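> Sequence first, predicted model second:
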Amino acid sequence: MIRKATLEDLNAVWKIFHAVIQTEDTHVFYKNTPKEDLQKHWFATYMHTYVYEENGEILGSYFVKPNQIDLGSHIANAGYIVHPEAQGKGIGKKLCEHSLALAKEIGFIAMQFNIVVSTNKVAVAVWKKYGFEIIGTTPKGFKHPEFGFVDTYIMYKSLLDD
């Protein structure tokens, strides 16, 4: 089940967030990002945060927010996490589908990801499957722990045609 997150979910989301960022290969956060920072990164008041819950356990989460302020606020941005032990079960796809529907419902005309790590082939493939296009590349935009500086993609999907 996907439901709106509350601050009571913060500890459960922290466990997932903390596990995901330990590899430092898919998100921009350092692996030692403190728990105190999670509220501003995932639960800020301008974010629409949701969790995926199964049998009383939170296994994933996403947020949707404006990509920019004011005159750029009609384009959504989003972030996703799935607990490493729950990956490969379709949770990320369900979160993506839910987030796209939500973004359209609340009035966004498109969704843009500003930094998709080029070496994260799974994410790039999932986003392409859901109609996102690579509209730009930032050379050496991410400091990968294994490959050094790698490119990042800006990926975009219109929500007007859905």
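Arrived safely.

> Okay, now the unreliable bits of the protein?
162 (pLDDT under 70).

> Give me the longest helix you can find in it.
As assigned by DSSP state H, the longest helix anywhere in the chain is helix 91-105.

> Would you mind measuring from the residue nearest the centre of the chain to L71?
Against the mean C-alpha coordinate of the chain, by CA atoms, centre = their mean, the closest residue is G79 at 1.6 Å. Going from G79 to L71 by CB to CB, to the nearest Å gives 22 Å. Just so you know, the C-beta spots here come from the backbone N, C-alpha and C atoms, and that holds for glycine as well.

> Within its sheet, name the partner strands of the strand or helix carrying I58 and how each one runs.
I58 belongs to strand 57-66 when assigned by DSSP states H and E. The strands beside strand 57-66 in its sheet (DSSP bridges) come out as strand 48-54 (antiparallel), strand 75-82 (antiparallel).

> need the next SSE after the longest helix of the chain, C-terminal direction.
Using DSSP H and E, the next helix or strand after helix 91-105 towards the C-terminus is strand 110-117.

> C-alpha coordinates for that following strand, CSV please?
The C-alpha atoms that make up strand 110-117 are tabulated as CSV, following Å, rounded to 0.1, in the frame of the first residue of the first chain:
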residue,chain,number,x,y,z
ALA,A,110,6.0,17.7,-16.2
MET,A,111,8.5,15.9,-14.0
GLN,A,112,12.2,16.4,-14.2
PHE,A,113,15.1,14.6,-12.5
ASN,A,114,18.1,16.9,-12.3
ILE,A,115,20.7,14.4,-11.4
VAL,A,116,20.4,10.7,-12.5
VAL,A,117,23.8,9.1,-12.2
